[in-house]
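*Asks:* Whatever this is, show me its structure:
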Amino acid sequence: MLNSNFFKEVKGYVFNLFKEKLPLNTVYHSENHTSYVVNAANEIGLSQNLSEEDLETVLLAAWFHDTGYIDGVEKHEDRSMVIVGDFLTKRNFSKEKITKVKGLIAATKIPQDPTNKLEEIICDADLSHLGRLSFMDESKLLRLEREQLIGKFVSELDWLKETELFLSQHQYFTNYAFENWNAQKKLNWLKVKNSINKLEVKTSEQKQKKSLKNKEIQIKKNKEERPDRGIETMFRVALRNHVKLSDIADTKANILLSVCAIILSIALSTLFPKLDKADNYYLITPTLLFLFITLVTMVYTILSTRPKVTSGNFTKEDVTNKKVNLLFFGNFHKMSLDTFQKGINEVMKDRAYLYDSMTKDLYFLGIVLAKKYKLLRIAYTIFMYGIVLSVLAFVVSFLLMQSQV
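*Replies:* Presented below is the predicted three-dimensional model:
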């Protein structure tokens, strides 16, 4: 029956109504939910051996039962009855048939209290999702829709408790619904109860953590705030960023060195063996140019990564007079442990000396970075233009050779 021309027309009418007028925040009571209810009503109706007329009445009620949501949630069943009445009147349905369809829609009001078999079918179909595997996902959509329509946040715990209460009080009326959906409904109810227990435990733990955190905050407020915290944070972030930039430069250098090494190995294994032949004399100049550019690139790349370590020779007087930065290994690697420990103790005692050492460390690290990136830029520039020039040289040499043939 659902595949008849009439019900195809009904489906198109309802879907167009939702498409054009249903608010965007109505994410649950939409065409998807309506389709589920229609299919469920059809399943139950067929199992009950309904007459074609009664099945048609149930399916019409299923298609139109939530169309009133186009104007909001309040009294949507009443508006649905008006919509279906107008639709069926224009198609010359009898008043008796229209009254039956409206009565079935009215029966879907919560709490449900059906008075006949057809009302039981539409009620079970409307809440068939309670006994489906997708119940938890649909419950989330229903909660989201509730929040949007009433304009009020509903906490997850409150929603779960409300859902658990509804599931515990609900019952299916038809034998088909009870046999096919009631077992899964019980499992869904247990899942909701389990979620409530977990959430209550989690909420309790969060309250305890929040209480402890508030105490810690209060303790920190009672202590004198360190004026140099922001300064230390600045140094820590700046030094970390410089180290990262240095790592990036080394990675770029490593990539370029690898490419150059591959090019050299290919050139030595492929091009060089051909140069001793008289017919390949035209390859000599572009090949040498190619190798020269690759070697120059490698030289600049190696220079950008070549480490430089200072002498590390400083006296106790230099440390006493604060002329040496003990935070850089190049300044203390030749010092004795005793001298180094004494110098570090002096640094820790004198905040100005400490900040001065950190400033020097940051400055000279920046100088090294600038040199690294300058050499890398030169290397990449030579490589880029050199590759283009080499390819052009090969092309020109080949063309000259062809012209002489």
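
*Asks:* C-alpha only now, for contacts and for neighbours.
*Replies:* Fine.

*Asks:* and the longest helix for this protein?
*Replies:* helix 351-404 (DSSP state H).

*Asks:* what mean pLDDT does that helix have?
*Replies:* Averaging pLDDT along helix 351-404 gives 80.

*Asks:* Can you tell me which helices and strands that helix packs against?
*Replies:* With contacts taken as 3 or more Cα pairs under 8 Å, 6 or more residues apart in numbering; DSSP states H and E, helix 351-404 sits against helix 229-266, helix 284-305, helix 337-349.

*Asks:* Only the buried residues of stretch 168-181, if you could.
*Replies:* For stretch 168-181, the neighbour count (16 or more other Cα atoms under 10 Å) marks 172, 173, 174, 176, 177, 178, 181 as buried.

*Asks:* now those residues as JSON lines including pLDDT?
*Replies:* Listed next are these as JSON lines, based on pLDDT from 0 to 100:
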{"residue": "172", "pLDDT": "95"}
{"residue": "173", "pLDDT": "96"}
{"residue": "174", "pLDDT": "95"}
{"residue": "176", "pLDDT": "95"}
{"residue": "177", "pLDDT": "95"}
{"residue": "178", "pLDDT": "95"}
{"residue": "181", "pLDDT": "96"}
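
*Asks:* TSV please, covering these and showing distance to residue 151.
*Replies:* Formatted as TSV, the buried residues of stretch 168-181 follow (distance: Cα to Cα, whole Å):
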residue	distance to residue 151
172	31
173	34
174	36
176	38
177	34
178	35
181	33
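
*Asks:* can you redo these as a markdown table with distance to residue 199 and secondary structure?
*Replies:* Shown next, in a markdown table, are the buried residues of stretch 168-181 (distance: Cα to Cα, whole Å; DSSP: H, G, I helix; E, B strand; the rest coil):
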| residue | distance to residue 199 | secondary structure |
| --- | --- | --- |
| 172 | 29 | coil |
| 173 | 32 | coil |
| 174 | 34 | coil |
| 176 | 34 | helix |
| 177 | 31 | helix |
| 178 | 30 | helix |
| 181 | 27 | helix |
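
*Asks:* And the residues you listed, which is closest to residue 389?
*Replies:* Using Cα to Cα, residue 181 is the member of the buried residues of stretch 168-181 that sits closest to residue 389, with 76.0 Å.

*Asks:* got the contact list for that closest one?
*Replies:* Under the criterion of Cα atoms under 8 Å, 6 or more residues apart in numbering, the neighbours of residue 181 are 128, 130, 131, 132.

*Asks:* roughly how far apart are residue 146 and residue 196?
*Replies:* Computed as Cα to Cα, to the nearest Å, the residue 146 to residue 196 distance reads 19 Å.

*Asks:* whoops, residue 257 was the one
*Replies:* Separation of residue 257 from residue 196 (Cα to Cα): 60 Å.

*Asks:* just residue 269 next, same as before
*Replies:* Computed as Cα to Cα, the residue 269 to residue 196 distance reads 71 Å.

*Asks:* of those two, who's got more company?
*Replies:* The neighbour count for residue 269 versus residue 196, taken as other Cα atoms under 10 Å, is higher for residue 196 (19 against 11).

*Asks:* Buried ones in stretch 254-267, by neighbour count?
*Replies:* 256, 257, 260, 264.

*Asks:* how far does it sit from the chain's center?
*Replies:* 38 Å (Cα atoms, centre = their mean, to the nearest Å).

*Asks:* now stretch 395-405
*Replies:* The chain centroid and the centroid of stretch 395-405 are separated by 57 Å, computed with Cα atoms, centre = their mean.

*Asks:* pLDDT below threshold where in this structure?
*Replies:* 219-229, 271-283, 307-351, 353, 402, 404-405 (pLDDT under 70).

*Asks:* can you list the domain ranges for it.
*Replies:* The record's domain parsing of the chain by automatic domain parsing lists 5-204, 241-404.

*Asks:* can you give me the end-to-end distance of the first one?
*Replies:* If I follow you right, that is domain 5-204. By Cα to Cα, one end of domain 5-204 lies 58 Å from the other end.

*Asks:* could the helices and strands packed on helix 351-404 go into CSV alongside distance to residue 29?
*Replies:* Conversion of those to CSV gives the following (distance: least, Cα to Cα, whole Å):
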stretch, distance to residue 29
helix 229-266, 52
helix 284-305, 65
helix 337-349, 68
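
*Asks:* just the helices in the stretch 1-150 of the chain please.
*Replies:* Per DSSP state H, counting those that start in this stretch, the stretch 1-150 of the chain carries helices over the ranges 5-21, 31-47, 52-64, 76-90, 95-107, 117-126, 135-150.

*Asks:* Tell me which of these sits nearest to residue 207.
*Replies:* helix 135-150 (24.3 Å).

*Asks:* how far is stretch 62-72 from where the chain is centred?
*Replies:* The chain centre lies 35 Å from the centre of stretch 62-72; the measure is Cα atoms, centre = their mean.
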